[in-house]
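Chemist: when you get a sec, could you give me coordinates for this:
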Amino acid sequence: MKTVEKKMPPFRHEFYAIAIKADGGGKVSSGEFNDFPEGTTIFFNTPFQVLSWDIVPDWRGYYLMFSQDFIAQSKVLSDLLNLFPFLKIDTSIPFTIPKKELPGILAIYEQIWTEYRGEEDDKFQMIEARVFLLLSYVKRLFEKQVDQKIAEKSMRAADLKLLSRYQSQIQTSFYPDAVPEPASKLHSPAHYAEKLSVHPNHLNAVVKSVTGITALGHIHKHILSLSKTYLAQTELSVKEIAYTLHFESPNNFSSFFKRNTEKTPLEYRQQANL
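Modeler: Model prediction:
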């Protein structure tokens with residue numbers, strides 16, 4: 001926490017985060033929560049939440065943030081949201097840590113911090129393993145302490161439900177065993193709007209208001225994430241990946257990938273496997 005700005009006005013972020021406040025004073029607004037529990041507190045953030053804080057210098061703890069790119073390249077965390085479904089909740093629900101649990105959880109943060117500052121070639125593999133362990137701890141505490149009605153209420157909001165359904169439609173459409181459909185459909189928000197029984201303009205307005213990204217941007221983001229996973233974690237050829245992701249040709253896939261990463265698929269694969 002020594003490296004965190006003392007005061008931050010509201011902003012929308014694009015990271016996952018797991019934070020711990022071991023002690024200290026001040027105020028944090030995370031989602032709809034402004035009053036954190038007394039004592040040692042742990043809380044998480046999911047992408048596109050609005051955060052702000054005004055903390056005093058005596059706040060001791062850690063704020064661990066990791067991006068969706070980090071998840072895409074991780075063999076350990078690639079199924080993140082299925083393993084840790086609490087991360088789907090758009091409002092961070094803070095909870096206290098029993099005193100006996102604090103040393104073990106703090107030790108994980110300290111190990112991640114040490115690895116991150118180190119020079120070992122395998123440091124990110126070690127970090128991935130410790131992030132998985134940390135999330136497992138948080139899941140256990142979450143299930144014991146958080147009122148499930150509060151969590152469910154967060155997920156019931158109409159716009160968030162539509163967003164969730166939209167994201168689910170995108171994901172299932174790109175499953176390896178999904179029924180093949182033309183790229184012109186699977187790469188188009190209008191296709192999913194029809195399945196969700198809403199107008200494409202309404203879908204785009206809701207998705208953009210919640211996330212700040214257009215409906216088309218979500219499709220591209222998912223395709224890019226899958227592309228990186230296939231390139232980093234499989235031996236599929238660029239041609240095979242292109243058709244797996246329903247591109248009309250390998251050239252179209254390569255152009256899409258380079259436009260979004262400034263690297264060709266082969267350049268990305270080589271860098272990811274260094």
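Chemist: can you show me the strands along this structure?
Modeler: 7-12, 16-23, 26-30, 41-45, 50-55, 60-66, 95-96 (DSSP state E).
Chemist: and Thr211, which of these is closest to it?
Modeler: Across the strands of the chain, Thr211 has its closest neighbour in strand 7-12 (8.6 Å, Cβ to Cβ). The way it works is simple: take the backbone N, C-alpha and C, and place the C-beta from them, glycine included.
Chemist: about what we covered before: which of the strands of the chain has the lowest mean pLDDT?
Modeler: Between those, the one with the least mean pLDDT is strand 26-30; it has a mean of 59.
Chemist: how close does Gly217 sit to Pro189?
Modeler: According to Cβ to Cβ, to the nearest Å, Gly217 and Pro189 sit 9 Å apart.
Chemist: who has more neighbours, these two?
Modeler: Pro189 (20 against 15; other Cβ atoms under 10 Å).
Chemist: contact partners for that one?
Modeler: Shown in contact with Pro189 (Cβ atoms under 8 Å, 6 or more residues apart in numbering): Pro200, Leu203, Asn204, Thr214, Ala215, Leu216, Ile219.
Chemist: got the contact list for the nearest residue to it once chain neighbours are set aside?
Modeler: Setting aside the residues directly before and after it, Pro189 is nearest to Ala215 in space (Cβ to Cβ, 6 or more residues apart in numbering), at 3.8 Å. Residues near Ala215 by Cβ under 8 Å, 6+ apart: Tyr166, Pro189, Tyr192, Ala193, Pro200, Leu203, Asn204, Val207, Lys208.
Chemist: that older thread, among the strands of the chain, which comes closest to Glu267?
Modeler: Closest to Glu267 of those, according to Cβ to Cβ: strand 60-66, at 23.4 Å.
Chemist: give the buried residues for the closest one.
Modeler: For strand 60-66, the neighbour count (16 or more other Cβ atoms under 10 Å) marks Gly61, Tyr62, Tyr63, Leu64, Phe66 as buried.
Chemist: ok, that strand: who's next to it in the sheet?
Modeler: Next to strand 60-66 in the sheet, as set by DSSP bridges, lie strand 16-23 (antiparallel).
Chemist: follow-up on the earlier one: quick one: the residue nearest to Pro189 and Leu196, what's the gap?
Modeler: 11 Å.
Chemist: just Val206 next, same as before
Modeler: Val206 is 10 Å from Leu196, by Cβ to Cβ.
Chemist: the more surrounded of the two?
Modeler: A direct count of neighbours by other Cβ under 10 Å for Val206 and Leu196 places Val206 higher, at 19 against 16.
Chemist: restricting to C-alpha, output stretch 212-226 in PDB.
Modeler: Written as PDB, here are the backbone C-alpha positions of stretch 212-226 (Å, rounded to 0.1, in the frame of the first residue of the first chain):
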ATOM      1  CA  GLY A 212     -17.600   1.500 -21.500                       C
ATOM      2  CA  ILE A 213     -17.000  -0.900 -24.400                       C
ATOM      3  CA  THR A 214     -19.300  -1.400 -27.400                       C
ATOM      4  CA  ALA A 215     -21.100  -4.700 -28.100                       C
ATOM      5  CA  LEU A 216     -18.800  -5.300 -31.000                       C
ATOM      6  CA  GLY A 217     -15.800  -4.500 -28.800                       C
ATOM      7  CA  HIS A 218     -16.800  -7.300 -26.500                       C
ATOM      8  CA  ILE A 219     -16.800  -9.800 -29.300                       C
ATOM      9  CA  HIS A 220     -13.400  -8.700 -30.500                       C
ATOM     10  CA  LYS A 221     -12.100  -8.800 -26.900                       C
ATOM     11  CA  HIS A 222     -13.200 -12.400 -26.500                       C
ATOM     12  CA  ILE A 223     -11.900 -13.500 -29.800                       C
ATOM     13  CA  LEU A 224      -8.500 -11.800 -29.000                       C
ATOM     14  CA  SER A 225      -8.400 -13.500 -25.600                       C
ATOM     15  CA  LEU A 226      -9.100 -16.900 -27.200                       C
END
